[in-house]
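> With the input below, show me the fold.
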Amino acid sequence: DEVEALLAWVSSFGIVDDAAYAVRYVQAADERKPMSPAALRRALRVKGIADVHIDAALAGRTADDAVSAARRVAEKKLRMLSGTDTERRQKLVRFLQYRGYAWDGIRTIVDELASDR
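Residues are numbered from 1 along each chain as shown. Got it, this is the predicted structure:
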């Protein structure tokens, strides 16, 4: 009973707002560490955010947004990778897969970045 009373009291200040938290989390991720929508969804679920709030926070994001975010991440990561072109390419693919990006986007980005060299 005391926990529920405390949560109600804290909620009255707007401190406990899962919907707002999900939106802020997605925005912060875009600024500091872009992640795929799937990775964002997983991270928010682990934090206990309901799917309805996650869906609302991710609403409006398109496949192009995900590819653009993946491209920014890939360009930055590529500058830090060493090895032969093939090794760097493999490392970049694994990195983007780890971040949860879709294979079609990964292939497109890696091919674009490889052709730029």
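> buried ones in stretch 18-26?
The neighbour-count check on stretch 18-26 (16 or more other CB atoms under 10 Å) flags 18, 21-23, 25-26 as buried. C-beta: built from backbone N, CA, C; applies to glycine.
> contacting residues around the residue lying closest to V73 once chain neighbours are set aside?
Excluding the flanking residues, the one nearest V73 by CB to CB, 6 or more residues apart in numbering is P34, at 5.3 Å. Residues in contact with P34 (CB atoms under 8 Å, 6 or more residues apart in numbering) are 69-70, 72-73, 99.
> okay, among the buried residues of stretch 18-26, which ones form the most distant pair?
D18 and V26 (12.7 Å; CB to CB).
> ok, now how distant is the residue most central in space within the chain from D85?
Central residue of the chain (CA atoms, centre = their mean): M35, 2.0 Å from the mean position. Distance of M35 to D85, given as CB to CB, to the nearest Å: 26 Å.
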